[in-house]
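Student: what would the 3D arrangement of this be:
(one chain, ligands or ions: 1)
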Amino acid sequence: MKVLSVRGPAMLMGLALALAAGCTSSSDAVSHSNAQSGAPSPTIPVVASTNVYGDIVQQIGGGKVTVVSIISDPAQDPHSYEASTQNRLELSKAKVVVENGGGYDDFVGRMLHSAKNAAPSVIDAVKVSGKAPRAGGEVNEHVWYDLPAMGKLADRVADALAKASPADADVFRHNAKTFKDRLTALEREERQVKAEHAGAAVAVTEPVPLYMTEAMGLRNKTPADFSQAVEEGDDVSTRSLQRTLSLFTHEQVKALIYNKQTSGPPTEKVKAAAEDSGIPVVPVTETLPQGEDYLSWMVANIGAIKSALER
Ligand SMILES: [Zn+2]
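Tutor: Down below sits the predicted model:
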């Protein structure tokens with residue numbers, strides 16, 4: 001305390017800078033550093049369809065980007081989102097746009113077209129992932145649960161930001177590498193789960209976590225027509241619901257992975273059946289929960305599935 005009173009403002013400033021530097025991924029830290037630099041250099045305007053991609057862009061762009069995420073409300077189902085005129089305005093100014101693609105967020109393409117913004121680099125995560133459609137069906141568009149796909153996306157984001165601000169190219173590529181190194185560590189954790197639990201059966205209410213459960217070698221026993229109907233907001237047939245419920249009453253699965261963000265009466269019945277049979281329920285979401293970044297969120301998802309399998 002004595003030292004602080006003697007050295008005063010310079011010391012406090014140093015402390016504040018050190019604190020700001022300690023949390024580089026938070027948007028707070030970014031705005032602090034901009035405010036402290038005196039003459040703020042213009043940042044690259046970026047629009048992401050959800051806060052999952054918004055966070056990844058923020059990690060790679062740091063203080064050099066201003067990111068708007070169109071969908072970040074955990075109570076909102078991105079599959080049925082209605083875009084607003086505010087979204088159109090933001091898209092009209094963006095230099096880089098990240099969309100999921102695969103039919104998930106078609107409103108982005110429609111609004112970009114009507115906003116007549118010819119400038120931006122548009123990154124489509126499903127295309128970048130290279131994922132093919134499931135046999136007899138569509139591509140599982142929840143590619144952000146696929147860690148290698150997000151590694152490829154990080155490189156594409158770094159390229160697009162470098163195109164918008166060539167002087168910062170090295171910073172973006174460095175940040176993308178840091179991000180990918182952490183993804184690699186998480187992929188090792190997935191393989192660890194696989195080593196211990198490959199072949200274990202699980203059920204899901206929606207295809208949202210399937211890239212992750214596949215990486216863990218788990219078998220999805222959910223009737224496809226059940227999870228597809230839930231995903232598309234269609235009615236679930238009585239037969240399909242009964243077959244799904246019997247997975248729990250007959251204890252054919254080790255866990256239910258439950259999408260909190262697209263729930264309704266059929267998925268709530270399924271959740272109740274799992275709970276009644278003492279089968280662990282692992283909640284997952286479509287968008288980034290508050291207080292998490294992409295990597296901490298995926299750490300939590302892997303950990304939750306692992307501990308459910310170990311129960
Ligand atoms: Zn979904």
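
Student: low-scoring stretches of this structure, by residue?
Tutor: Scanning the chain for pLDDT under 70 picks out the ranges 1-40.

Student: just the helices in it please.
Tutor: 2-21, 27-36, 51-61, 85-93, 106-115, 125-129, 147-164, 169-197, 210-215, 224-232, 238-249, 265-276, 294-310 (DSSP state H).

Student: of the ones you listed, which stretch is the most buried?
Tutor: Greatest average neighbour count among the helices of the chain goes to helix 51-61 (a mean of 26), per mean count of other C-beta atoms under 10 Å. C-beta: built from backbone N, CA, C; applies to glycine.

Student: spit out the contact partners of the residue nearest the centre of the chain.
Tutor: Closest to where the C-alpha atoms of the chain average out (C-alpha atoms, centre = their mean) is residue 52, at 3.4 Å. When contacts are counted by C-beta atoms under 8 Å, 6 or more residues apart in numbering, residue 52 touches 144, 287, 288, 294.

Student: okay, now the second one: neighbour count?
Tutor: Using other C-beta atoms under 10 Å, residue 287 has 24 neighbouring residues.

Student: what separates it from residue 190, distance-wise?
Tutor: 21 Å (C-beta to C-beta, to the nearest Å).

Student: same check on the third one?
Tutor: Residue 288 sits at a distance of 19 Å from residue 190 (criterion: C-beta to C-beta).

Student: next one: residue 124
Tutor: Distance of residue 124 to residue 190, given as C-beta to C-beta: 24 Å.

Student: repeat for residue 99
Tutor: Counting by C-beta to C-beta, the gap from residue 99 to residue 190 is 26 Å.

Student: try residue 218
Tutor: For residue 218, the distance to residue 190 equals 10 Å [C-beta to C-beta].

Student: can you pull the contacts of the nearest residue to residue 149 once chain neighbours are set aside?
Tutor: In this structure, residue 149 finds its nearest non-sequential neighbour in residue 129, 3.6 Å apart by C-beta to C-beta, 6 or more residues apart in numbering. Counting by C-beta under 8 Å, 6+ apart, residue 129 touches 143, 146, 149, 152, 153.

Student: ok, the closest residue to residue 61 other than its chain neighbours - contacts?
Tutor: Once flanking residues are discounted, residue 61 sits nearest to residue 161: 5.4 Å by C-beta to C-beta, 6+ apart. For residue 161, the contacting residues are 44, 46, 57, 60, 61, 64, 65, 96, 168, 169, 172, by C-beta under 8 Å, 6+ apart.

Student: didn't the third one look like it was pressed against residue 97?
Tutor: Think residue 57. No. Between residue 57 and residue 97 there is no contact under C-beta atoms under 8 Å: 10.0 Å.

Student: re earlier: any chance of a markdown table for the helices of the chain, columns distance to residue 71?
Tutor: A markdown table is the format used below for the helices of the chain (distance: least, C-beta to C-beta, whole Å):
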| stretch | distance to residue 71 |
| --- | --- |
| helix 2-21 | 28 |
| helix 27-36 | 16 |
| helix 51-61 | 7 |
| helix 85-93 | 9 |
| helix 106-115 | 10 |
| helix 125-129 | 14 |
| helix 147-164 | 17 |
| helix 169-197 | 21 |
| helix 210-215 | 20 |
| helix 224-232 | 16 |
| helix 238-249 | 27 |
| helix 265-276 | 20 |
| helix 294-310 | 15 |
